[in-house]
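Visitor: sequence plus the predicted model coming up.
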Amino acid sequence: MIKVNCEVGTYNDNLEIKKDMPKINILSHWNRDNMVWIEINEEEHLVVAQDLIEAIKNCTNTNRY
């Protein structure tokens, strides 16, 4: 079994990473390839990986004027 943990920094409104801002950890599920754990402030949430990917695509595919 391979365990994967990816850490993502969070930003404030000025697009600066602050030391006191929470980190987001994305962790592999031990036996379900289609699911990942999202950990924020030591709270874990189990989500379908493809749903998360599609949500990110949708949120970054908007026209801004």
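Guide: Received the coordinates, thanks.

Visitor: give me the pLDDT value at Gln50.
Guide: Gln50 is assigned 97 on the pLDDT scale.

Visitor: for it, give its distance to Asn58.
Guide: Between Gln50 and Asn58 the distance is 12 Å, computed by Cβ to Cβ, to the nearest Å. C-betas here are computed from N, CA, C, even on glycine.

Visitor: go on, Glu44?
Guide: With the distance defined as Cβ to Cβ, Glu44 ends up 24 Å from Asn58.

Visitor: Ile40 reaches Ile26, doesn't it?
Guide: No. Ile40 lies out of contact with Ile26 (Cβ atoms under 8 Å); the separation is 10.2 Å.

Visitor: which of the two has more neighbours?
Guide: The residue with more neighbours, out of Ile40 and Ile26, is Ile26; 16 against 13, by other Cβ atoms under 10 Å.

Visitor: tell me the contacts of the more buried one?
Guide: Under the criterion of Cβ atoms under 8 Å, 6 or more residues apart in numbering, the neighbours of Ile26 are Asn5, Cys6, Glu7, Val8, Val36, Trp37, Ile38, Glu39.
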